[in-house]
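K.L.:
I need the structure of the sequence given here:
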Amino acid sequence: MNVYSFPPVINSSSRILIMGSMPGVASLKAYQYYGNARNYLWPIVYGLFGEGSEPNPDYESRISFALHHGVALWDVIASCERQGSLDSDIKLAIPNDIPGLLVQYPGISVLACNGAKSYTELQKHYGTHPEVIRRKVLRMPSTSPIPTRDYRGLEDRLQAWRTLLEM
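P.N.:
Coordinates of the predicted model:
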């Protein structure tokens, strides 16, 4: 099944661009970035900026909070074929125009790839592009609720994501 990412959430104050691979089924149905209530992205964003880890339940308020703190959201992949939500099932990925967005928003200084798939797709399509290489590119642990060998839950992921505050 063909799936499509959302438009970027960004403004002229944005300095960190958090890039996922492609929204999962729950996010696509809700038409919301990180719309799966179990995903850790929103608790991490709120935790990073001193508001505790309990995000506002209102999606538009979460978006406003992120933008207010210089955080933009987009996906590396514009469209792909995928059944379900797993990155490992992504096929025939077509990238978003990340370099074009960076030209429009030169204040973006950090590209934070949310997980391995977004990082590898960014490198594959734009790893040598001047707009990408002049920015700090970070491969962050996925905010997916699926535990990994190194990341079991919110606290260890939040600790790793604190790197963004040093940029």
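
K.L.:
and the residue nearest to the spatial centre of the chain, backbone torsions?
P.N.:
Residue closest to the mean C-alpha point of the chain, counted by CA atoms, centre = their mean, is residue 19 at 3.1 Å. Main-chain torsions, residue 19, degrees, to the nearest 10: phi -120, psi 120.

K.L.:
quick one: residues contacting it.
P.N.:
By CB atoms under 8 Å, 6 or more residues apart in numbering, the contact list for residue 19 reads 73-76, 98, 111-114, 118, 122. Where you see a C-beta, it was placed from the backbone N, CA and C, and this is true even at glycine.

K.L.:
just send the residues you listed back as JSON lines, with neighbour count too.
P.N.:
Listed next are the contacts of residue 19 as JSON lines, based on neighbours: other CB atoms under 10 Å:
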{"residue": "73", "neighbour count": "24"}
{"residue": "74", "neighbour count": "23"}
{"residue": "75", "neighbour count": "25"}
{"residue": "76", "neighbour count": "26"}
{"residue": "98", "neighbour count": "24"}
{"residue": "111", "neighbour count": "25"}
{"residue": "112", "neighbour count": "21"}
{"residue": "113", "neighbour count": "23"}
{"residue": "114", "neighbour count": "27"}
{"residue": "118", "neighbour count": "25"}
{"residue": "122", "neighbour count": "23"}
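
K.L.:
could these go into TSV alongside secondary structure?
P.N.:
Shown next, in TSV, are those (DSSP: H, G, I helix; E, B strand; the rest coil):
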residue	secondary structure
73	strand
74	strand
75	strand
76	coil
98	helix
111	strand
112	strand
113	strand
114	strand
118	helix
122	helix
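
K.L.:
and of the residues you listed, the nearest to residue 143?
P.N.:
Using CB to CB, residue 114 is the member of the contacts of residue 19 that lies nearest residue 143, at 5.7 Å.

K.L.:
what are the bridge partners for that closest one, then?
P.N.:
Taking DSSP bridges, one finds residue 140 as the beta-bridge partners of residue 114.

K.L.:
so it sits against residue 157, correct?
P.N.:
No. The pair residue 114 / residue 157 is not scored as a contact, 10.3 Å apart, by CB atoms under 8 Å.

K.L.:
where does the protein dip in pLDDT?
P.N.:
Applying pLDDT under 70 to the chain picks out residues 51-53, 86.
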